[in-house]
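[1] need a 3D model of the following:
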Amino acid sequence: MLRPLTCLVAAGLLATAAMARAAEPFEVNVANGPSAGGQSLTALVDSLLAGDGDFASVGGRSSYSASLSYLGIEDAILVSSSGSGRSVTVTIPSTGYARTFTGTDADDVAAQVQTWLTESGSAELSRFQAAVNARSRVALLDGNPRSTAALLARGAMLRYGSDPSIGGAGLSPPSAAAPPGPRTATSLEVADWRAFALRLDAWDQHLRTEGLDGLRASGGTLTLGGHFSDRVGLSVAFTGQLRHAAGARFYDVGGELAVPLVPVAHPAGSPWRWTLTPFLQAGFGLSIDAAAGGLLVGGGVVQRLGLRVRSVELGYATELAFYGGVPLTQVRGYDFDTRVRRLVVAHSVGAAWRVHRAVVLDAGVGTTRLAVDDAAVPRWFTPTVGLGFRAGERLRARVAWQADLAPGYTSHGVALELNLLAGPEG
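    Coordinates of the predicted model:
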C-alpha cells in the first residue's frame, strides 16, 4: 500500500519541480552539476562563468559543460569551460556559431562574454533572435500575437478595419458614416482641425503557452484624428505595451501616421461604406532581461467594406503590412542589429447591432498570418465580443472580451475603448 502511494507522491513532486522550472524564462543546467533559473539572462550567465551564487560548486571545477534554455527553447545556447574558467566556448546551435573566449582568470572571461552579449556580438545575437522568433511563442520582436510587429499591425487593423464603430477615432466621412436616425459621436463631421476626434484604447491580456507560466501583456494607444474633407482624413497614433514573460519584462513603444480615404463617394443615406487606409509605422521593442531589442519600421494598408441593414451593420476588413529591422547602437549599453522581415496578412468579419439608442452589441472574428520569415505562431484567430455605450453626442465607450487562439498558444483578456469628439460640429 505504501509503495504505490510513495511513487505517486514522488511523481507529484517531480511534476511540481518541472512546473517550477518551466516557469523560469531562462535556465542553466550544468552537466553533473547544479541547475538554476532566473529572470535575467545576463545575470544568470555571469553567475555561471564567475562560479558564484547557485553555481558556487562549479567555480572549483577545472572544466564543465552547460546548456541554457531561453524563453522556452531548450539547449538554445551551449557553454563549455576549461582551464578553471580561463577558456570558455559559447555555441549557438540554431545558427551554427561558436566562439572561444580566453583570459587570465574566470572573472576576465566573464567580462568578455558580457561585452559580447551587449555590444560586439550584436550581429550574431540578431541571428539568434531571428531563430528565437521562429521557435519561442513569447519572443520580443516577432513571431507571436503579442510581439512588437504584431502590436503595430493589430493596432492599425483595429482602428481602421475590425472596429465595430467603423471609424475608430471619428475618421469616417459623414456622407458615408451617418446612419439613419440621431447622429452619433462617430458620425459627426470633422470639418477641419478646429474639430478633432480623440480615442483611447487599453487592454490587459493573460497568456498561456507550453513551457512558461506567468505571461501577461498590458498596454494602451492614444489616437488623434481629423478630416481635410469628406473623403480624406489624417490620423496620428502612439502606442505602448508591457509584457511579463514569467518575470522577465518586455517593453514596446510605437507610432503611426495614417490617411483614411473614401475611394468612391457614397450618396447620402447609402447603406454601403468602403474605406481604404494606408499607414506608416515605427516600433521599438526592448528587454534588458532577455538581452534583446530592436527597431522596426514599415507600413501597409487596411481596407474595410461595411453594410448597414436597419439597426445592424456588417463589416469585412483586410490588412496587408510589412516590417523590417533597423540596427540600433548604445541602447541602455546594448547594440542591436535587428534582423526582421515580416509580412502580416489579416482578415476580419464582424457585426454590430444597435439594441438601444445608446447601446450597441458587437461580435467578430479575425485571422492573422505571419509570412516571409518563420514564426513560432504563424497563424492565430482573434474572436471578440463587445458592448458599446453612447453618452450624449460626443462620447462613446466600449468594453470587450478578446482572445488569441493558436495551437499551443492562447490569450484572454479585456479591452476598453473611449472616443471623444471635440470642437464645433460639422
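[2] domain assignment for the protein?
    18-120, 148-422 (automatic domain parsing).
[3] quickly, which of those bottoms out on average pLDDT?
    For these, mean pLDDT drops lowest on domain 148-422, to a mean of 85.
[4] same for the lengthiest strand in the chain, what does it pack against?
    Criterion DSSP state E: the longest strand present in the chain is strand 292-309. For strand 292-309, the packing partners by 3 or more C-beta pairs under 8 Å, 6 or more residues apart in numbering; DSSP states H and E come out as helix 122-135, helix 148-157, strand 272-287, strand 312-326, strand 328-331, strand 334-336, strand 341-356. Heads up, the C-betas are built off the backbone N, CA and C, glycines and all.
[5] who does the fourth one pair up with?
    Yep, that's strand 312-326 we're talking about. With DSSP bridges as the test, strand 312-326 is paired with strand 292-309 (antiparallel), strand 341-356 (antiparallel).
[6] tell me which of these sits most buried.
    strand 292-309 (a mean of 20; mean count of other C-beta atoms under 10 Å).
[7] ok, back up a step: can you check which of the helices and strands packed on strand 292-309 gets nearest to Ala36?
    Ranking the helices and strands packed on strand 292-309 by proximity to Ala36 (C-beta to C-beta) places strand 272-287 first, at 19.8 Å.
[8] what residues of the closest one count as buried?
    273, 275-279, 281-287 (16 or more other C-beta atoms under 10 Å).
[9] and stretch 369-385, by the same measure?
    Quick answer for stretch 369-385 (16+ other C-beta under 10 Å): 370, 373, 375-378, 380, 382, 384.
[10] would you check which pair of the residues you listed lies furthest apart?
    For the buried residues of stretch 369-385, and using C-beta to C-beta, no pair is farther apart than Asp373 and Thr384, which are 27.3 Å apart.
[11] who does Gln281 bridge with?
    With DSSP bridges as the rule, Gln281 is bridged to Glu256, Gly298.
[12] tell me who's in contact with it.
    Residues near Gln281 by C-beta atoms under 8 Å, 6 or more residues apart in numbering: 152, 156, 254-257, 296-299, 321, 323.
[13] close enough to count as contact, Thr100 and Ser87?
    Yes. Thr100 lies in contact with Ser87 (C-beta atoms under 8 Å); the separation is 6.3 Å.
[14] so which of these two has more stuff around it?
    Using other C-beta atoms under 10 Å, the more surrounded residue of Thr100 and Ser87 is Ser87, with 16 against 12.
[15] against Gly255, how distant is that one?
    For Ser87, the distance to Gly255 equals 46 Å [C-beta to C-beta, to the nearest Å].
[16] likewise Arg216?
    24 Å.
[17] distance to Phe228 for the strands paired with strand 312-326 - can I get that in TSV?
    Shown next, in TSV, are those (distance: least, C-beta to C-beta, whole Å):
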stretch	distance to Phe228
strand 292-309	19
strand 341-356	27
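[18] for Trp203, list each beta-bridge partner.
    Gly219, Ala415.
[19] surely it touches Gly220?
    Yes. With contact defined as C-beta under 8 Å, Trp203 counts as touching Gly220 (7.3 Å).
[20] neighbour count winner among the two?
    The neighbour count for Trp203 versus Gly220, taken as other C-beta under 10 Å, is higher for Trp203 (19 against 16).
[21] before we move on, what SS does the residue nearest to Pro145 when sequence neighbours are not counted have?
    Closest residue in space to Pro145, ignoring its immediate chain neighbours: Asp404 at 4.2 Å, by C-beta to C-beta, 6 or more residues apart in numbering. Secondary structure for Asp404, judged by DSSP: H, G, I helix; E, B strand; the rest coil, is strand.
[22] dump the contacts of Gln281 to CSV, plus distance to Phe196.
    Formatted as CSV, the contacts of Gln281 follow (distance: C-beta to C-beta, whole Å):
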residue, distance to Phe196
Leu152, 23
Ala156, 19
Gly254, 21
Gly255, 18
Glu256, 16
Leu257, 15
Leu296, 28
Val297, 26
Gly298, 26
Gly299, 23
Ala321, 25
Tyr323, 28
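[23] roughly how far apart are Leu234 and Ser69?
    47 Å.
[24] between these two, which has more neighbouring residues?
    The neighbour comparison of Leu234 against Ser69 (other C-beta under 10 Å) goes to Ser69, with 21 against 16.
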